[in-house]
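1. After the sequence you'll find the predicted model.
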Amino acid sequence: NAGVMQNPRHLVRRRGQEARLRCSPMKGHSHVYWYRQLPEEGLKFMVYLQKENIIDESGMPKERFSAEFPKEGPSILRIQQVVRGDSAAYFCASSQREGTDTQYFGPGTRLTVL
Amino acid sequence: AQSVTQPDIHITVSEGASLELRCNYSYGATPYLFWYVQSPGQGLQLLLKYFSGDTLVQGIKGFEAEFKRSQSSFNLRKPSVHWSDAAEYFCAVGGPLITGGGNKLTFGTGTQLKVEL
């Protein structure tokens, strides 16, 4: 059973470009979480999605960031008009059920904004 | 609001020595507690978790943690550290905010473990 897949693993963008980060949850998992890890910090929750629904986006910046988890295909975290402060590692986690279920993390996408 | 404090940013131990990593949490209800380990450039691997029941939980790689409600702590321990344990360790607290609201995790800032041979 493959784990959580994220791609790309490394992404370099210039200021003002768009970044698209993809996450394929573990097989059978329909709950996806996105977290951001800034240098020298712990992970910060961004958004929680179920298939076709955003359940909790309380950690998402109000502008430029969006997320989706379509019925078919991976979850996408989209950052428009990136700025240097967006440089971070972005981790996706998935779980089989909501609530107390364990979250399994992907290897992350390391975004560098030049 | 929930929060996690890991007071030790860096810890160095000799191989074969015992280890204890501290974690204190703040949470308004019975917490769900986790320890994850992150190797450089890698994702997070779950070491162990506490949801309820026995307050001493066993995890992978010989780690254990003890939930102490009175001290709001969930410290991670290992009796004998191996060089391969060098990594960064994160404590996290979670719990459903509302019914159907998922399990948003709040992480500490991590403890970097260095193992001397």
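-> Done, it's in.
2. which bits of chain A sit near chain B?
-> When proximity is defined by C-beta under 8 Å from any C-beta of the partner chain, chain A lies next to chain B at A:4, A:6, A:31, A:33, A:35, A:40-45, A:48, A:55-56, A:58-59, A:91, A:93, A:95, A:98-108, A:110. Any C-beta I mention is one placed from the backbone N, CA and C, and that applies to glycine too.
3. which one is the residue in chain A that chain B sits nearest to nearest to, not counting chain neighbours?
-> Chain B sits closest to A:Gly42 of chain A, with a gap of 3.7 Å, by C-beta to the nearest C-beta. Spatial nearest neighbour of A:Gly42, chain neighbours left out: B:Phe107 (3.7 Å); criterion: C-beta to C-beta, 6 or more residues apart in numbering or on different chains.
4. wait, doesn't the residue of chain A closest to chain B sit right on B:Gln112?
-> No. If you go by C-beta atoms under 8 Å, A:Gly42 and B:Gln112 don't touch, sitting 11.9 Å apart.
5. So between the two, which is more surrounded?
-> A:Gly42 (21 against 15; other C-beta atoms under 10 Å in any protein chain shown).
6. Okay, now the unreliable bits of the chain?
-> Since you didn't name a chain, this refers to chain A. A:1, A:98-100 (pLDDT under 70).
7. Switch to chain B, please.
-> Ranges of chain B meeting pLDDT under 70: B:96-102.
8. residues touching the closest residue to chain A within it, list them.
-> Per C-beta to the nearest C-beta, B:Phe107 is where chain B lies closest to chain A, at 3.7 Å. Residues in contact with B:Phe107, defined by C-beta atoms under 8 Å, 6 or more residues apart in numbering or on different chains, are A:35, A:42-44, B:4, B:36, B:90-92.
9. Now the buried members of those residues.
-> Restricting those to buried positions leaves A:35, A:42-43, B:4, B:36, B:90-92, with burial counted as 16 or more other C-beta atoms under 10 Å in any protein chain shown.
10. And the furthest pair within those?
-> The most widely separated members of the buried ones among the contacts of B:Phe107 are A:Tyr35 and B:Cys91, with 14.5 Å between them, by C-beta to C-beta.
11. So B:Lys61 lies in a strand, does it not?
-> No. Under DSSP: H, G, I helix; E, B strand; the rest coil, B:Lys61 falls outside any strand and is assigned helix.
12. picking that back up, are any of the residues of chain A next to chain B buried, and if so which?
-> A:4, A:6, A:31, A:33, A:35, A:42-43, A:45, A:48, A:55-56, A:59, A:91, A:93, A:95, A:98-99, A:101-108, A:110.
13. Now stretch A:7-26 - C-alpha only, PDB.
-> Presented in PDB, the C-alpha positions along stretch A:7-26 are these (Å, rounded to 0.1, in the frame of the first residue of the first chain):
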ATOM      1  CA  ASN A   7       4.900  16.100  -6.100                       C
ATOM      2  CA  PRO A   8       6.900  17.800  -7.000                       C
ATOM      3  CA  ARG A   9       9.400  17.300  -4.200                       C
ATOM      4  CA  HIS A  10      11.100  20.500  -5.000                       C
ATOM      5  CA  LEU A  11       9.700  23.500  -6.700                       C
ATOM      6  CA  VAL A  12      11.400  26.800  -7.600                       C
ATOM      7  CA  ARG A  13       9.300  29.800  -8.600                       C
ATOM      8  CA  ARG A  14      10.100  33.400  -9.200                       C
ATOM      9  CA  ARG A  15       8.100  36.100  -7.400                       C
ATOM     10  CA  GLY A  16       4.700  36.600  -9.000                       C
ATOM     11  CA  GLN A  17       4.500  33.100 -10.500                       C
ATOM     12  CA  GLU A  18       2.000  30.400  -9.500                       C
ATOM     13  CA  ALA A  19       2.800  27.300  -7.500                       C
ATOM     14  CA  ARG A  20       0.800  24.100  -7.700                       C
ATOM     15  CA  LEU A  21       1.400  21.400  -5.200                       C
ATOM     16  CA  ARG A  22      -0.200  18.000  -5.600                       C
ATOM     17  CA  CYS A  23      -1.000  15.400  -3.000                       C
ATOM     18  CA  SER A  24      -2.300  11.900  -3.600                       C
ATOM     19  CA  PRO A  25      -3.600  10.400  -0.300                       C
ATOM     20  CA  MET A  26      -3.100   6.800   0.700                       C
END
